[in-house]
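Enquirer: here's my sequence, what's the structure:
(one chain, ligands or ions: 2)
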Amino acid sequence: MTRTHRIAVIPGDGIGQEVMPEALRTLRSAAQRFGFALDLREIPWASCDWYQAHGEMMPADWKAQLQGVDAILFGAVGWPATVPDHISLWGSLLKFRREFDQYINLRPARLFEGVPCPLANRRPGEIDMLIVRENTEGEYTKLGGIMFEGTEREIVIQESVFSRVGSERVLRYAFEQAMHRPRRHLTVATKSNGIAISMPWWDALAERIGAEYPQVTVDKQHIDILSARFVLQPQRFDVVVATNLFGDILSDLGPACTGTIGLAPSANLNPERRFPSLFEPVHGSAPDIFGRNIANPIAMVWSAALMLDFLGERAAHDAIVAAIEAVLRNGPRTPDLGGAASTTALGEAIAAAL
Ligand code: ATP
Ligand code: MG
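Expert: Ligands and ions are numbered 1, 2, ... in the order given. Now for the predicted structure:
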């Protein structure tokens with residue numbers, strides 16, 4: 001019997017609408033070559049156009065509409081000229097992350113041949129890391145308050161929340177990832193020399209869980225020096241695990257070290273599959289280049305490959321990444337890669353390489 005993957009396809013706004021067709025093109029080729037079927041459900045909501053027509057980002061029954069899907073493939077959301085970001089983002093993407101308990105945010109960063117690297121003297125292949133960010137708790141809370149507001153005694157308190165379950169599950173996930181990569185190395189981001197309660201606790205938890213993975217070498221690093229080493233010695237890193245705030249920063253820094261944002265993919269995972277996971281490029285809707293067919297589709301295509309990997313199609317994932325490598329090496333190239341090719345031309349080249 002053919003395996004069928006049920007995918008909700010949400011192009012969203014701006015270049016999300018331009019790069020999504022290229023991801024679908026690749027997915028269809030991969031399905032043909034690797035013998036699985038796709039049940040694609042195109043969804044018009046979670047976009048600012050929808051908001052303008054309906055006064056909300058998503059219909060009230062959005063969860064019911066996603067019932068039974070295995071994954072969500074997401075383009076980009078946001079069109080600040082017409083809808084404020086806090087409405088578009090909180091009304092769609094952040095709702096998915098929370099309501100679907102997508103507690104792992106995964107962002108691979110690799111330096112490919114043919115891609116200009118902002119760091120001097122870096123060879124292709126030398127940078128190959130996987131950033132695992134906690135996606136649901138930590139420093140990003142609305143707990144706290146302002147006292148004596150508007151007076152000289154004004155005090156602001158902003159709490160962080162680390163649950164045992166929440167921290168253990170992201171640490172364990174990172175160790176598992178490290179176990180399955182050739183270098184079997186894990187860097188644990190911390191700041192236990194400054195943040196005196198939560199971070200030593202996080203360190204101790206990492207140590208305890210690490211004891212279950214003796215094959216993985218662990219390197220605990222404070223976030224300040226860790227950030228510096230991302231730039232100075234990126235080859236040191238394999239898997240990196242971090243809390244929500246530190247992971248947020250590192251997962252922009254990592255892809256920045258490996259060239260254009262047009263390459264960076266991400267996955268928001270509910271690893272137990274109680275809810276659908278979501279796969280999206282790191283970049284946003286890029287209003288400045290929308291409508292010209294020049295957006296780099298690789299971040300979107302690679303995100304689709306991560307999705308296939310998560311759905312058990314490892315061989316298809318590997319083949320798509322190999323096709324991306326081939327296209328980056330030989331061209332065509334979109335303007336962000338120094339070329340003049342279109343989004344479509346790149347998408348077609350990837351599908352052809354596949
Ligand atoms: P968000 O807040 O959603 O992350 P943003 O406004 O911060 O969005 P992007 O929309 O990602 O950022 O755009 C940042 C810059 O990168 C823009 O100049 C944009 O043109 C460029 N950019 C983003 N994605 C791509 C892409 N796929 N190909 C080429 N350039 C891109
Ligand atoms: Mg941004």
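Enquirer: tell me which element the nearest residue to residue 171 once chain neighbours are set aside is part of?
Expert: In this structure, residue 171 finds its nearest non-sequential neighbour in residue 209, 4.9 Å apart by CB to CB, 6 or more residues apart in numbering. Bear in mind the C-beta positions are built from the backbone N, C-alpha and C, glycine included. Here residue 209 sits within helix 198-210, counting by DSSP states H and E.
Enquirer: who are the packing partners of that helix?
Expert: helix 164-179, strand 185-190, strand 217-222 (3 or more CB pairs under 8 Å, 6 or more residues apart in numbering; DSSP states H and E).
Enquirer: wait, what's in contact with residue 322?
Expert: residue 353 (CB atoms under 8 Å, 6 or more residues apart in numbering).
Enquirer: return the set of buried residues in the strand or helix carrying it.
Expert: Here residue 322 sits within helix 314-330, counting by DSSP H and E. Of the residues in helix 314-330, 316-317, 319-321, 323-328 count as buried by neighbour count, 16 or more other CB atoms under 10 Å.
Enquirer: next one: stretch 39-53
Expert: Result for stretch 39-53 [16+ other CB under 10 Å]: buried residues 40, 43, 45-48, 50-51.
Enquirer: need those in JSON lines with pLDDT, can you?
Expert: JSON lines is the format used below for the buried residues of stretch 39-53 (pLDDT from 0 to 100):
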{"residue": "40", "pLDDT": "97"}
{"residue": "43", "pLDDT": "97"}
{"residue": "45", "pLDDT": "97"}
{"residue": "46", "pLDDT": "97"}
{"residue": "47", "pLDDT": "97"}
{"residue": "48", "pLDDT": "97"}
{"residue": "50", "pLDDT": "96"}
{"residue": "51", "pLDDT": "97"}
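Enquirer: secondary structure class for residue 75?
Expert: At residue 75, secondary structure determined by DSSP: H, G, I helix; E, B strand; the rest coil is strand.
Enquirer: and the closest residue to residue 248 other than its chain neighbours, bridged to which residues?
Expert: Excluding its sequence neighbours, the residue lying closest to residue 248 (CB to CB, 6+ apart) is residue 133, at 6.5 Å. Residues in a beta bridge with residue 133, per DSSP bridges, are residue 105, residue 242.
Enquirer: contacts only, for residue 133.
Expert: The contact partners of residue 133, by CB under 8 Å, 6+ apart, come to 104-107, 170, 241-244, 246-248, 250-251.
Enquirer: cheers, nothing more for now.
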